[in-house]
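Enquirer: here is my input, please return the structure:
(chains A and B)
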2 protein chains.
Amino acid sequence: MTKKDIEDLALELLSKPSSAYLATIDRNGFPHIRAIFNLRCSEKFPHPAEVIEEYEENPLTVYISTNTSSIKMKQIKENDNIAIYYSLPSKVKGIMLQGQAEILDDIELKEKIWVDDWVMYYPKGYTDPDFTILRLKPKYLKGWYKGHHELYLGD
Amino acid sequence: MTKKDIEDLALELLSKPSSAYLATIDRNGFPHIRAIFNLRCSEKFPHPAEVIEEYEENPLTVYISTNTSSIKMKQIKENDNIAIYYSLPSKVKGIMLQGQAEILDDIELKEKIWVDDWVMYYPKGYTDPDFTILRLKPKYLKGWYKGHHELYLGD
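Expert: Numbering: from 1, shown residues only, chains lettered A, B, ... in the order given. Below is the predicted model:
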């Protein structure tokens, strides 16, 4: 598998499942996993994929919507090392993206990413102080498809 | 949600999906995620659920089959803190089990857990030195269903 093959697998998996799995490290030193929305799934979240120009410039960049008050935010403020896993179990394909999470407070970005249904999570809309966007620019990829393949992206 | 409700959610999710997600911590201090077989899915793995008496005594105990030479084994030997996530995305249900992984080398258990198809992974069968069983007796459960619910099981 070449670098391009791994990146192509990542781009395929980033666009498909509607959920992904985020692992953080908690204050007791244990990994902590939960499902997150995959905002790159254009079928479920049509706007973000269309509007965020950065996807074209940095195709592997991932945005995560979350409650500012969430446990994942508390964990990331203490340790920003994260991993996200995307998979198509039916095709035995998976990809892990690893790196440091960034906490963004960019109101224009929040407006672009905003999905109307999210008022159930953030009643005040994209200006809700409990609405936060995390960004991962991955430094390391690991793909599962006909064997394991790894790719360091560097800083 | 009572303690029983969380345990019931865990037992429901442990029995359903054919795969689960295991997070370890790697030597660089990052969480590392991959898909694993859910051996409790009796539809895909009929034998383990029927034969392992421990499931009746310790319903939340999880066994994981893996290659002895795998990266997850190297990581667990250095840091045995793990988490496993099981979910039914269509029902917005999820459960995380956290605790220390134990590396078992019990040939009788390996024989009970063995699935014939696994010769593709372990050519020598259940005695293959590259076949290892990991066990998690979780100390902490976190369930997602109509909100988050946590349960410490203690030692």
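
Enquirer: quick one: contacts for the residue most central in space within chain A?
Expert: Within chain A, the residue whose C-alpha comes closest to the C-alpha centroid is A:V62; the distance, by C-alpha atoms, centre = their mean, is 4.1 Å. Shown in contact with A:V62 (C-beta atoms under 8 Å, 6 or more residues apart in numbering or on different chains): A:14, A:39-40, A:84, A:97, A:135-136, A:138. In this view, the C-beta of every residue, glycine as well, is placed from N, C-alpha and C.

Enquirer: again, but for A:T127
Expert: Neighbouring residues of A:T127 by C-beta under 8 Å, 6+ apart: A:107, A:110.

Enquirer: out of the contacts of A:V62, which are close to chain B?
Expert: With respect to chain B, and counting by C-beta under 8 Å from any C-beta of the partner chain, the subset of the contacts of A:V62 in contact is A:I84.

Enquirer: just the ones of the contacts of A:V62 in helices?
Expert: Restricting those to those inside helices, with DSSP state H as the criterion, leaves A:L14.

Enquirer: toward the C-terminus, what is the element adjacent to the lowest-mean-pLDDT helix or strand in chain A?
Expert: Every helix and strand of chain A was ranked by mean pLDDT, DSSP states H and E. The lowest is helix A:46-51, at a mean of 62. Tracing the chain C-terminally past helix A:46-51 and defining elements by DSSP states H and E, one meets helix A:54-57 next.

Enquirer: sheet-wise, list the partners of the helix or strand following that next one with their directions.
Expert: Towards the C-terminus, the helix or strand next in line after helix A:54-57, according to DSSP H and E, is strand A:62-67. If you go by DSSP bridges, strand A:62-67 pairs up with strand A:131-136 (antiparallel).

Enquirer: extract the CA atoms of the partner strand and return them as CSV.
Expert: Extracted C-alpha coordinates of strand A:131-136, given in CSV (Å, rounded to 0.1, in the frame of the first residue of the first chain):
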residue,chain,number,x,y,z
PHE,A,131,-21.3,24.7,21.4
THR,A,132,-17.7,24.0,20.7
ILE,A,133,-15.8,22.8,17.6
LEU,A,134,-12.7,20.6,17.9
ARG,A,135,-10.3,20.1,15.1
LEU,A,136,-7.9,17.3,14.4
